[in-house]
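Peer 1: For reference, the sequence and a predicted model appear below.
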Amino acid sequence: MLKNYFKIAVRQLLKQKMYTAIKIGGFALSIAACLLITLYIRHELSYDRSYPNADRIYRVIGESIDNGVDEKGVSFPAPFARSLKDDFPEIEEAGRLMSNRLFTGAGSNQLRRADKVENTFEEGFVYIDQQLLNIFQWPMVAGDAAHVLDEPKTMVISQRMAAKYFPHEDPIGKVMLLNDNSNYAYRITGVMKDLPSTSHLQYNFLLTLSGVAFWNGEQTNWMSSNYDNYVRLRPGTDAQKLGKRICDNILQKYYIPIMREAGNKDLERLGKSLELRINLQPVSDIHLYSNDIHDNVHNRGDIRFIWLFGAVACFILLIACINFINLSTARSANRAKEVGLKKTIGAFRSSLVQQFLTESFLFSFLSVILGSMLAWALLPYFNQLSAQTLVFPWHELWLVPALLVAAVVIGLLAGIYPSFYLSSFQPMQVLKGSISRGTKNSNLRSILVVFQFATSIILIIGTVVIYRQMQFILHRKIGFDKEQVVMIQGAHTLGDKVQTFKSELQRLPHVAHVAVSDFLPVSNTKRNGNSLWKDGRSKIDMPEFGQFWQVDHDYLATMGMHLVAGRNFSKDMPTDSQAVILNQTLAKKLFGKEDPLGQRIMNGGGNSFQVIGIVEDFNFESMRSKVEGLCMSLGNSPTIVSVKVNTADMTKMISAITGVWKSFAPNQPFRYNFLDERFAQMYDDVQRTGRIFTCFSILAIIIACLGLFALSAYMAEQRSKEISIRKVLGASVAQVTALISQDFVKLVLIAVLLASPIAWWAMSKWLQDFEYRVNVSWWMFALAGMLVITIALATISFQSIKAALTNPVKSLKAE
């Protein structure tokens, strides 16, 4: 019997080639999209699950709720980890990580072997202690994993870096220099396996914290927070309850006595308008659940996008299933006599259901095979689109069973309704010819077509809004001029020659300004948070928190920043070494409506500065957050030299700058990038989301239009005699085309009306992530609606015009 069902299914498949191609083509495209999205989601969900005892590893999160404003961060004082291990027996191990670029060594460095002269720029440096290695238990290729970082000035490098710097050599015991500085000479004591791409920690060089103090007393200072802390709990420990106990203990034992001694005003608000908490975040949650946490993790994911892309995959698959259902039910009259005759000779309804489901499963299995091949072929392009390195899992055991289950589920989902619908025909009605020719159940088909196009319209509106937001970010007035600014990296290796290097650059033609500072208004440059007060009021007022940047005299001019009051730093005024320029936000927070010029402020280090200028607010972080307070002072921070140029021939300009660099550092590669490019990179995730939305919107429209094309072809076929009679009676081609098209256009218009409020709500929620954002305007909905209607009309019109141009004699000669 099954063999017979299969033969009939194959016969039906070959008999209706166009409809078969549309059904299988739509299914295959949607399955390919679903497979790609599934691989992406699987990759995102696999982060930080490969460590031994990963279920007992947690990151410590500090949370403060200040007058209803909730802030979360991961930075704690140097002695915090030791207190965790000593005070809480539930904590098996506690370790520290320090990745703050403010401190030499962390982040990126010029690197060379001690026995070589040429430097190479490398990223991925971090300070950690031995305890952190014990927690994560990263596999070691060489060295004693239990003691590799016990001694001062030691480091562990990745296997990839070992192969790069010590090919065919044993790196253990070899010395490497950071930034040509003998004070930063590190002996290699271990080689670890390369960290997996699914780790939120991506480092190639682990520098020991043993014997490190970034200033005198830093390792015992409870009022300066620069360390991420991780813990491994003993089995059976309740992490939530432990977090509350840690908070209570740390406050009572350490913070409150220090705050009381310092006269800190926060003490009066503690437990009232200021609430402090400590939470333990499972390490497997860090990648996807840290959107509201301030940390130094780059390229992290977002669980909301996982849900969003999962929903998109389901909707695209549903659109293809709807095509199958619509075409199967629309062509019901063609199968009615077959059903009637089979029932007349004794066929049970159950056997007919099985037959039609067999056809559905055949379509599904063929589509899964074709869709898998499509997904494999398109994976390299999807990797470019999503900035991933996904691999199609042909060799993994779960793939074939998963595809088989998917084929069965899709076949059942698409075929269950048509099977019961087609098998429900009564023999008497069929043989008397009273079964309507494809019009019965047209209401359901209309609803499904509306659903298809509503989904497509939502995706299109989402694409338009994301594109507009990205353009707004890139072209909004941001308070500084990011165009034609060359950022020269690694200048700190020039030592005391940096200022001479700057002077030589200023002599080049078309160089407008040159500034030396690592503090720039783009990501992955230095940051330095500070507490700030009006001078003499640190024990009276609450502190205002803001950035404290070190810049030089030419910084504002190089960055194109505008003073709204006061003056810039001047080389002719020695007292400017104790002067600061505030941004508008910090000036307002500290002085309100008072004139800040000439007044003095002090920072958390007890240093006093005179305010000489107020700079217009500029966005130095992502536009997802509002502009925070900022204070600039003169200082030495020489890793990056920024050059403002004014030339159309950038290639020649870079060549000239390179020549100056080589005259100062012949053994170091010249590295540079552009400020505008670095600014755009801050929003790579937004651009990726926009590109993915665009692709899936196009795919959804293609699949929906395939179904519309087939439906319009079938409707034209069913109404061929009506069309012929109308033509004989004088109807024009335009009138016949309008006759066939109008019903479908009405459905698309209904889809526009239904999709618009849903799209408005969804995109308004998405835009709430941005402090500075576009408005969701009416024209975005109009554009999406017009685009879909135009595409739908173009799809329908082909069949409509073809039917209108057909010779009526061909349809009426049998009457």
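Peer 2: Happy to help now that I have it.

Peer 1: Tell me where the longest strand sits in this protein.
Peer 2: The longest strand of the chain (DSSP state E) is strand 181-192.

Peer 1: after that one, next one along is what?
Peer 2: Next in sequence after strand 181-192, counting helices and strands by DSSP states H and E, comes strand 205-208.

Peer 1: and that following strand, C-alpha only, in CSV?
Peer 2: Output of strand 205-208 as CSV, limited to C-alpha atoms (Å, rounded to 0.1, in the frame of the first residue of the first chain):
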residue,chain,number,x,y,z
PHE,A,205,48.8,36.5,26.1
LEU,A,206,48.2,36.0,29.9
LEU,A,207,50.4,38.2,32.0
THR,A,208,50.8,37.3,35.7
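
Peer 1: which secondary structure elements does that strand contact?
Peer 2: On a contact count with 3 or more Cβ pairs under 8 Å, 6 or more residues apart in numbering; DSSP states H and E, strand 205-208 meets strand 120-128, strand 154-158. Using the backbone N, CA and C atoms, a C-beta is placed for each residue, glycine as well.

Peer 1: which residues sit against it?
Peer 2: For strand 205-208, contacts defined as Cβ atoms under 8 Å, 6 or more residues apart in numbering pick out 105-106, 111, 122, 124-130, 133, 149-158, 161, 186, 192.

Peer 1: picking that back up, please work out which of the helices and strands packed on strand 205-208 is packed deepest.
Peer 2: Ranked by mean neighbour count, these are led by strand 154-158 with a mean of 24 (mean count of other Cβ atoms under 10 Å).

Peer 1: ok, it: who's next to it in the sheet?
Peer 2: Using DSSP bridges, the neighbouring strands of strand 154-158 in the sheet come out as strand 181-192 (parallel), strand 205-208 (antiparallel).

Peer 1: Pull out the buried residues from the first one.
Peer 2: If you call a residue buried by 16 or more other Cβ atoms under 10 Å, then strand 181-192 has these buried ones: Y184, Y186, R187, I188, T189, G190, V191, M192.

Peer 1: who touches that strand?
Peer 2: Outside strand 181-192, the residues touching it (Cβ under 8 Å, 6+ apart) are 104-105, 109, 114, 138-145, 148-149, 151, 153-159, 162, 171-178, 206-207.

Peer 1: If any of those are buried, give me the PyMOL selection for them.
Peer 2: Buried subset of the contacts of strand 181-192, written as a PyMOL selection, criterion 16+ other Cβ under 10 Å:
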select buried, resi 104+105+109+138+140+142+143+145+148+149+153+154+155+156+157+158+159+162+171+174+176+177+178+206+207
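
Peer 1: Report the angle between the longest strand of the chain and strand 120-128.
Peer 2: On the basis of axes from the mean of the first three to the mean of the last three Cα atoms, to 10 degrees, strand 181-192 is oriented at 70 degrees to strand 120-128.

Peer 1: hang on, the earlier thing: make TSV out of the buried residues of strand 181-192 and add pLDDT and distance to Q768.
Peer 2: Converted to TSV, the buried residues of strand 181-192 look like this (pLDDT from 0 to 100; distance: Cβ to Cβ, whole Å):
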residue	pLDDT	distance to Q768
Y184	93	44
Y186	97	46
R187	97	51
I188	97	48
T189	97	49
G190	96	46
V191	97	46
M192	97	41
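
Peer 1: Out of the residues you listed, the closest to D518 would be?
Peer 2: Set against D518, the nearest of the buried residues of strand 181-192 by Cβ to Cβ is Y184 (16.6 Å).

Peer 1: What separation is there between the closest one and E628?
Peer 2: Going from Y184 to E628 by Cβ to Cβ, to the nearest Å gives 32 Å.

Peer 1: one step back: rebuild the strands paired with strand 154-158 as JSON lines, extending it with distance to L317.
Peer 2: Formatted as JSON lines, these follow (distance: least, Cβ to Cβ, whole Å):
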{"stretch": "strand 181-192", "distance to L317": "42"}
{"stretch": "strand 205-208", "distance to L317": "45"}
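
Peer 1: quick one, which of those is nearest to A377?
Peer 2: A377 lies closest, by Cβ to Cβ, to one member of the strands paired with strand 154-158: strand 181-192, at 36.1 Å.

Peer 1: can I have the closest one written out in CSV, keeping just the CAs?
Peer 2: Listed next in CSV are the C-alpha coordinates belonging to strand 181-192 (Å, rounded to 0.1, in the frame of the first residue of the first chain):
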residue,chain,number,x,y,z
ASN,A,181,60.6,48.4,27.4
SER,A,182,62.9,46.3,29.6
ASN,A,183,60.6,46.9,32.6
TYR,A,184,58.0,44.8,30.8
ALA,A,185,60.2,41.8,30.0
TYR,A,186,58.2,38.6,30.5
ARG,A,187,59.4,35.0,30.7
ILE,A,188,57.2,32.4,29.1
THR,A,189,56.3,29.7,31.5
GLY,A,190,53.4,28.0,29.7
VAL,A,191,51.7,27.5,26.3
MET,A,192,48.0,27.0,26.3
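
Peer 1: Now stretch 16-33: buried residues?
Peer 2: 16, 19-20, 22-33.
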